[in-house]
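Engineer: Build the 3D model from these lines:
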Amino acid sequence: MFRAAAHGKTWHGKSVWEILEKISAEEAAAHPIPESHSIWDYLLHIINWREYAVRTLLDDEPYIIDLNTEKDWTTITDFSQEAWEAALELYKKSTDEFSEAVKTIDDSKLEEIVPERKFTFYTLLHGVIQHDIYHSGQIVLLKKILKN
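Structural biologist: Predicted coordinates:
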């Protein structure tokens with residue numbers, strides 16, 4: 001299900017990758033809605049929370065992301081096409097890392113509570129998929145605004 005939402009065929013529409021793949025760096029960096037996030041912001045935010053999930057699943061030390069911090073919303077300083085392409089590659093890498101992390105855990109871990117949180121690993125894994133799809137909808141809306 002995760003891979004379909006990230007890169008495959010979904011029942012609800014385009015995968016996150018299909019939404020992202022034809023966006024230029026200029027479009028990705030644009031802020032067509034004042035005081036909102038850009039497509040690029042959303043992409044890095046998706047990657048950040050995937051990293052949180054992977055590190056939380058696999059690492060012995062708790063990995064914490066506080067909301068509205070650099071770990072949550074990364075500050076972008078290089079808006080070049082090369083930097084955008086690197087962000088897209090990082091997205092692909094995060095897809096692979098998350099998929100591999102899920103394969104390595106024992107099913108019994110799914111019912112454990114995530115360190116420093118009040119929900120289970122099962123909820124976390126589903127949450128990553130929901131989070132990706134939620135923000136992909138925002139990206140689609142930004143793309144539509146930019147095309148008009």
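Engineer: contacts and neighbour counts: CA atoms only from here.
Structural biologist: Will do.
Engineer: in the top helix by length along the chain, what's buried?
Structural biologist: The longest helix of the chain (DSSP state H) is helix 121-147. For helix 121-147, burial by neighbour count (16 or more other Cα atoms under 10 Å) applies to 121-122, 124-125, 128-129, 132-133, 135-136, 139-140, 142-143.
Engineer: Where does the prediction get shaky in this structure?
Structural biologist: Filtered on pLDDT under 70, the chain yields the residue ranges 1, 3-4, 7-8.
Engineer: Spatially central residue in it, please.
Structural biologist: Centroid-nearest residue in the chain, with Cα atoms, centre = their mean: I46, separated by 1.8 Å.
Engineer: I'd assumed D132 was in contact with that one.
Structural biologist: Yes - I46 is in contact with D132 according to Cα atoms under 8 Å; the separation is 6.1 Å.
Engineer: returning to that earlier point: I'd like to know which elements the strand or helix carrying the residue nearest to the centre of the chain is packed against.
Structural biologist: Using DSSP states H and E, I46 sits within helix 39-58. Identification of packing neighbours for helix 39-58 by 3 or more Cα pairs under 8 Å, 6 or more residues apart in numbering; DSSP states H and E yields helix 25-29, helix 81-104, helix 121-147.
Engineer: can you list contacts of the second one?
Structural biologist: Applying Cα atoms under 8 Å, 6 or more residues apart in numbering, the contact partners of helix 81-104 are 2-3, 6, 21, 24-26, 28, 40, 43-44, 47, 50-51, 53-54, 57-58.
Engineer: And stretch 122-140, by the same measure?
Structural biologist: With Cα under 8 Å, 6+ apart, stretch 122-140 has contacts from 2, 5-6, 16, 19, 38-39, 42, 46, 49-50, 53, 110-111, 114.
Engineer: which one among those residues gets closest to K71?
Structural biologist: W49 (8.5 Å; Cα to Cα).
Engineer: quick revisit: mind giving me the PyMOL select for the contacts of stretch 122-140, buried ones only?
Structural biologist: This is how PyMOL selects the buried members of those, with burial counted by 16+ other Cα under 10 Å:
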select buried, resi 2+5+6+16+19+38+39+42+46+49+50+53+110+114
